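A.B. asks: Sequence and predicted model, in that order:
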Amino acid sequence: MTKVLITGANGFIGSKLCKSVSGEKYEVVPATRAQVGSIGQDTDWYQLLQGVDQVIHLAARAHAKHRPKGERLDWFREVNTAGTLSLAKQAIEAGVKRFIFFSTIGVSGDGSSSDGSDVIDEKSKIEPANDYALSKYEAECGLISVFESSECELLIIRPPLVYGADAPGNFRKLLQLADSPLPLPFAKVDNSRSMLSIENLSDFVIRILQTQESHAGTYVLADDETVSMAEIIEALREGLGRSNNNSAVAPGLIKTGAQLTGKAAMYQQLCGNLVISNKKAKATFDWQPPLSASEALYLAARAYLKRVKN
């Protein structure tokens, strides 16, 4: 039986992947901080890597609001860059055949042009959006060097915001907002936003695990369709059993309000444009996302509602 090590196993994506991969009859080795301690260049992965065929590396530092600005990049690098490269070197020594690294679409910036015509793919210009994205890009570069003379296959995946009923962060806040009885002001926010449902992500990872051929390389990944903020609210409120009740407020006013309340980053992540082409991933792995964006949003809201009621 193929043995798969999944780091970050108790996170939103990691816990879902552990269940999905186990369901496909792989032997999953879930790795958490409780087992390996803090992740960095000195982390000892020896025991967990014994007999492992494939590694899915998710563990990372993603938020640093509590850190002084001048310390944030080094703080991210400790785990996201140095920790990743250390795991990669130990994986090679342990005879791992495939290493899947989760990076971020943020290595290509934080959005597309205002008309959505600037589609991001694997060849897009590298311009990390923040310290987190820079640390991930540095890890990508280091991994390519580490695996260059190795027989272990390296795949780098750059996802956008990954959403689902249990998603943390901005999507959780959006679900809570959609679940309120209050009218919302997003009916005129007609942006184009690529996101990735946890179900589609899991399905793609399983396709990789099942593939015998080597397809080493970098892949950007997203749902097939872009959605606007207005469409996101409509799908979520339908799943929550609520009236759409979305009012037409000028997007400029919403953006100003977000800036004044310290929510500019959240506004950009949900109301800005980000158009991603997943053509390479689909063609290489002969893969089709099982859910459309609207279906996945609806199902996320239904699952969230069920959990809240219970």
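C.D. replies: Arrived safely. Numbering: from 1, shown residues only.
A.B. asks: in a helix, that's where residue 15 is, yeah?
C.D. replies: Yes: secondary structure assignment (DSSP: H, G, I helix; E, B strand; the rest coil) places residue 15 inside a helix.
A.B. asks: In what element of secondary structure is the residue lying closest to it once chain neighbours are set aside found?
C.D. replies: Nearest in space to residue 15, with sequence neighbours left out and distances taken as C-beta to C-beta, 6 or more residues apart in numbering, is residue 9 at 6.6 Å. The C-beta positions use only the backbone N, C-alpha and C, and glycine is treated the same way. Per DSSP states H and E: residue 9 is located in neither a helix nor a strand.
A.B. asks: Could you check how far residue 9 is from residue 48?
C.D. replies: Using C-beta to C-beta, to the nearest Å, one gets 10 Å for the distance from residue 9 to residue 48.
A.B. asks: sorry, back to before: please name the residues that touch the residue nearest to residue 15.
C.D. replies: With contacts taken as C-beta atoms under 8 Å, 6 or more residues apart in numbering, residue 9 has the following neighbours: 15, 17, 18, 30, 31, 32, 58.
A.B. asks: Residue 17 is in contact with the last one, correct?
C.D. replies: Yes: with contact taken as C-beta atoms under 8 Å, residue 58 and residue 17 are classed as touching, separated by 7.4 Å.
A.B. asks: Between the two, tell me which one has more neighbours.
C.D. replies: residue 17 (26 against 18; other C-beta atoms under 10 Å).
A.B. asks: Toward the C-terminus from the helix or strand of the chain with the lowest mean pLDDT, list the very next helix or strand.
C.D. replies: Of all regular secondary-structure elements in the chain, judged by mean pLDDT, DSSP states H and E, the least confident is helix 264-271 with a mean of 80. Once the chain leaves helix 264-271, the next helix or strand it forms, by DSSP H and E, is helix 279-285.
A.B. asks: I'd like the distance between residue 186 and residue 282.
C.D. replies: Noted for residue 186: a distance of 30 Å to residue 282, by C-beta to C-beta.
A.B. asks: quick one: low-confidence parts of this structure?
C.D. replies: Flagging of the chain using pLDDT under 70 yields the residue ranges 112-117.
A.B. asks: in it, which spans are helices?
C.D. replies: Assignment of helices within the chain using DSSP state H yields the ranges 12-23, 33-36, 46-49, 69-76, 84-93, 131-147, 169-178, 198-210, 229-239, 251-260, 264-271, 279-285, 293-309.
A.B. asks: Among those helices, single out whichever gets nearest to residue 102.
C.D. replies: The stretch from the helices of the chain with the least distance to residue 102 (C-beta to C-beta) is helix 12-23; that distance is 7.5 Å.
A.B. asks: So what touches the closest one?
C.D. replies: Under C-beta under 8 Å, 6+ apart, the answer for helix 12-23 is 4, 6-9, 28, 30, 56, 58-59, 102, 162, 164, 166-168, 198, 201-203, 205-206, 209.
A.B. asks: if you set the cut-off to 6 Å instead, what comes out?
C.D. replies: Among residues not part of helix 12-23, those counted as contacts by C-beta atoms under 6 Å, 6 or more residues apart in numbering are 4, 6, 8-9, 28, 30, 58, 162, 166-168, 198, 202.
A.B. asks: Next: stretch 237-249.
C.D. replies: 178-179, 183-188, 233-234, 298, 301-302, 305.
A.B. asks: hmm, which of the residues you listed are the buried ones?
C.D. replies: Buried members of these, counted by 16 or more other C-beta atoms under 10 Å: 178-179, 184-188, 233-234, 298, 301-302, 305.
A.B. asks: closest to residue 217 among the residues you listed?
C.D. replies: Comparing every one of the buried ones among the contacts of stretch 237-249 with residue 217 (C-beta to C-beta), the shortest separation belongs to residue 298, at 32.8 Å.
A.B. asks: Contact partners for the closest one?
C.D. replies: By C-beta under 6 Å, 6+ apart, residue 298 lies in contact with 235, 238, 239.
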